[in-house]
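In: Have a look; sequence and predicted model below, questions after that.
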Amino acid sequence: MQRSSEGDERERIDPDSLLDDDSGRDTFGTAGETSGSDRAERDVTTGGSRLRRLLPSRPRPLRGSFSIRSFLVVLALSIAGVVAGGSIPLVGSIGQFLGLFLVAFVVGAVGSRRRYLEVGLAGAVAAGLAFVLGTLTSVFAPVAVQVLADYGVAIVGVGTGAGLLASLAGHYFGRDLRDGLTREV
């Protein structure tokens with residue numbers, strides 16, 4: 001059996017109010033109401049959504065996860081790692097990927113936030129540029145231009161893919177080391 005006041009509260013619920021803000025009202029939208037026009041005016045001015053607030057929020061995987069500043073810093077470090085790794089004698093292009101791995105490892109071990117997106121993208125860009133520039137400088141110029149014209153997409157694809165994998169692996173192992181060092185025993 002219902003009390004008469006509960007029935008009155010349910011009758012006063014406006015279906016449009018479910019999508020409007022309920023600032024200062026309880027779940028039935030009754031507290032502090034003086035008239036329907038005051039409520040409508042308050043709903044229009046405050047905006048928002050009562051129904052959206054009651055529903056669980058959707059996860060937003062990319063909200064706040066990409067930082068241009070950290071990407072540019074990691075890109076500069078990755079290019080330096082590629083150059084330093086490529087300058088090691090007898091190792092050559094494998095040293096480039098070791099340099100990418102080492103830069104990503106250090107970024108993961110030192111940084112307090114996960115930066116997989118920035119590190120992966122920077123590693124892919126740095127390795128792709130290194131492969132293209134390596135092709136241009138390793139062969140006679142007219143032949144190199146022809147090789148890039150014929151196989152440029154494949155060369156860049158292999159470089160970016162390998163750089164992406166090396167960077168992500170390095171960042172993962174760096175984060176894992178940081179987690180192991182900071183965890184309570």
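Out: Perfect, I can see it now.
In: going forward, measure contacts and count neighbours with C-alpha atoms only.
Out: Noted.
In: what's the nearest residue to residue 168 once chain neighbours are set aside sitting at in phi/psi?
Out: Nearest residue to residue 168, sequence neighbours excluded (Cα to Cα, 6 or more residues apart in numbering): residue 120, at 5.5 Å. Dihedral pair for residue 120: phi -60, psi -40, per degrees, to the nearest 10.
In: mind listing what residue 120 touches?
Out: With Cα atoms under 8 Å, 6 or more residues apart in numbering as the criterion, the residues that contact residue 120 are 163-165, 167-168.
In: same thing but at 10 Å, please
Out: Listed by Cα atoms under 10 Å, 6 or more residues apart in numbering, the contact partners of residue 120 are 71, 74-75, 100, 104, 126, 160-161, 163-171.
In: tally of neighbours for residue 116?
Out: Using other Cα atoms under 10 Å, residue 116 is surrounded by 22 other residues.
In: and it, what are its phi and psi?
Out: Per-residue torsions, residue 116: phi -60, psi -40 (degrees, to the nearest 10).
In: That one contacts residue 174, correct?
Out: No. Using Cα atoms under 10 Å, residue 116 is not in contact with residue 174, being 11.1 Å away.
In: shared neighbours of these two, anything?
Out: Common neighbours of residue 116 and residue 174, counting by Cα under 10 Å, 6+ apart, are 104, 107-108, 168.
In: By neighbours, which of the residues you listed wins?
Out: Most surrounded of the shared contacts of residue 116 and residue 174: other Cα under 10 Å gives residue 104, at 33 neighbours.
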